[in-house]
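Enquirer: Any chance you can model this:
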Amino acid sequence: MKRQDNWGVGSSIFLSIVFAGMAILTYQSDPSIAFIPVIGVLVGIVMAIKAANKAADESAKKEQQEKFSKSIVHDSSFGNGDIKIYFDTANKKATICATTAYGTSQKEIEGFVIYKSVQTDEHLVALDSSHNKILSVKNNNGNIVLKECCINDELKEMGIDVKPTSPTIKPYNDYAFITDDINEFIAIVTPANIHVLRYSDIVSISYEENGSNVFNKSLGGAVVGGLLFGGVGAIVGGNTAKATQNKEIRLMTIKILLKSTSNSTIILNIYEAGKDGAILETKKTEDQMLYEGLMKEVSGIKDIFSIIIDIVDKNIAMQKTSINTRLQFNNGIADELTKLVKLKESGYLSEEEFNIQKTKLLNR
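Expert: Numbers count the residues shown, from 1 in each chain. Now for the predicted structure:
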C-alpha cells in the first residue's frame, strides 16, 4: 500500500477555478497579494495537464495490451494495461507483455503452467505449483524486469524431497509470500530477490517503527511488545500505555532473522518517508487511514511468520519427546539386560536360556 495520487483532470480544473475566484476577490480587496492565488491557478493548470497526460497514457497502454492479446494464443491472463502475463496452458507457456504509450515489449517463458497469480504494489507474481516455479515481473519504462525461481531446485540443494502439494500465495505491500505446510518452506518474493527458506531456517520476526522494536516473536520464546492493530490508538499486547494519536512515522520495517551467518537477516521496508511519501502524521485523517492500512499489511505478514515459528516450535517439541521416549526405552532394555546377566552369573539361567531371553529382549 502506497500513497495514491487522486488528483484527476476534473479536480485539478476545479482547484484552478477556486483559486481564480480567490484571485479576483483578493485583487479587489488587496491587489498587492493577488499574486498568491494566481500561483494557485497556475499550479492547478499544471496539475490538470499532468492528469490529462496520465489518463491519455494509461488509455494508450490499455489499447496496446488489447491489441497484443488478440495476436497470441492464451486461455487466461493477469495484470493491467501497464504489464500483463498471458498463459497458454496447452503449450505450457507464459508470455509477458509490457507497454508504453507507443509500443510493447514481450518475453516468453517455456514450461510454465499457471496455478495462482497475485499483484503487489509494483510487481506481478505468478506461481506454477506443478513445477514449483515463480515469476516476478515489472514494467520499467517499457522494459520487462523479470525474476525467475525454481523452488524444487532450491529445496533439493537443501536436501528436501519435495512432495506434490498446493502452496498458498499472499501479497502484502510490495512483497509476495508463498507458503507450503507440507514441504515446510516459504518463498519471499521481494523487488530485489526471491528467497526460498525452510521453516526451520527462521529464528524470529520483529516489527519496528522509526528503528524502535514494537513486536517480536522468536523460536521458543514469548511474544515481546504489542502489535498496533485496527484504529490508530488501539494496541493489542504490551505497551498499552503508549499513545498513538499523534505519532510521526518515518520508517516501518519488518526484520526476519535466519539461522545463517552469510545471510542472517531479511529486511522488508513497509514504509519509508521520502521514498514512499512524506512523514506520516497520524493526527491527520488521510495519514491515519494510510497508517491503518499499512498496519493491516504488517499484521498479515506477522501472522504468516508467527504460524511458521509455532510449527517449528511444535516440531522441536515432538523431536525432544521422541528422543526422551527412545532414551527411556533404551534405559529399560539396559536394566533388563543387567538383570539377566546377574541371573546367569548366579546360576539361575543357563547360557542357552540367557541367550534366548536376551534375543527376545533386543527384538522387542
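
Enquirer: For stretch 206-224, buried residues please.
Expert: Within stretch 206-224, the residues that count as buried by 16 or more other Cβ atoms under 10 Å are 206-209, 214-218, 224. All C-beta atoms are positioned from the backbone trio N, CA, C, and that covers glycine.

Enquirer: min pLDDT across the residues you listed, which one?
Expert: Confidence by pLDDT is poorest for residue 224 among the buried residues of stretch 206-224, given 60.

Enquirer: give me the element the closest residue to residue 123 other than its chain neighbours is part of.
Expert: Nearest residue to residue 123, sequence neighbours excluded (Cβ to Cβ, 6 or more residues apart in numbering): residue 138, at 4.9 Å. Assessed by DSSP states H and E, residue 138 sits inside strand 133-140.

Enquirer: what's the following helix or strand after that strand?
Expert: Next in sequence after strand 133-140, counting helices and strands by DSSP H and E, comes strand 143-150.

Enquirer: Show residues contacting that following strand.
Expert: 83, 96, 98, 105-107, 109, 131-139, 187, 189, 193-194, 196 (Cβ atoms under 8 Å, 6 or more residues apart in numbering).

Enquirer: again, but for stretch 132-139
Expert: In contact with stretch 132-139 (Cβ under 8 Å, 6+ apart) are residues 82-83, 85, 94, 96, 98-99, 109, 111-112, 122-128, 144-152, 155, 162, 167, 176, 178, 187, 189, 191, 194.

Enquirer: Weed out the non-buried ones from those residues.
Expert: Among the contacts of stretch 132-139, those classed as buried by neighbour count (16+ other Cβ under 10 Å) are 82-83, 85, 94, 96, 98-99, 109, 112, 123-128, 144, 147, 149, 151, 155, 162, 167, 176, 178, 187, 189, 194.

Enquirer: Which ones among those residues lie within helices?
Expert: Of the buried ones among the contacts of stretch 132-139, the ones assigned to helices by DSSP state H are 151, 155.

Enquirer: Next up, identify which helix or strand the closest residue to residue 172 other than its chain neighbours is on.
Expert: Using Cβ to Cβ, 6+ apart and skipping residues adjacent in sequence, the residue nearest residue 172 is residue 297, 4.4 Å away. Element membership for residue 297 (DSSP H and E) is helix 285-345.
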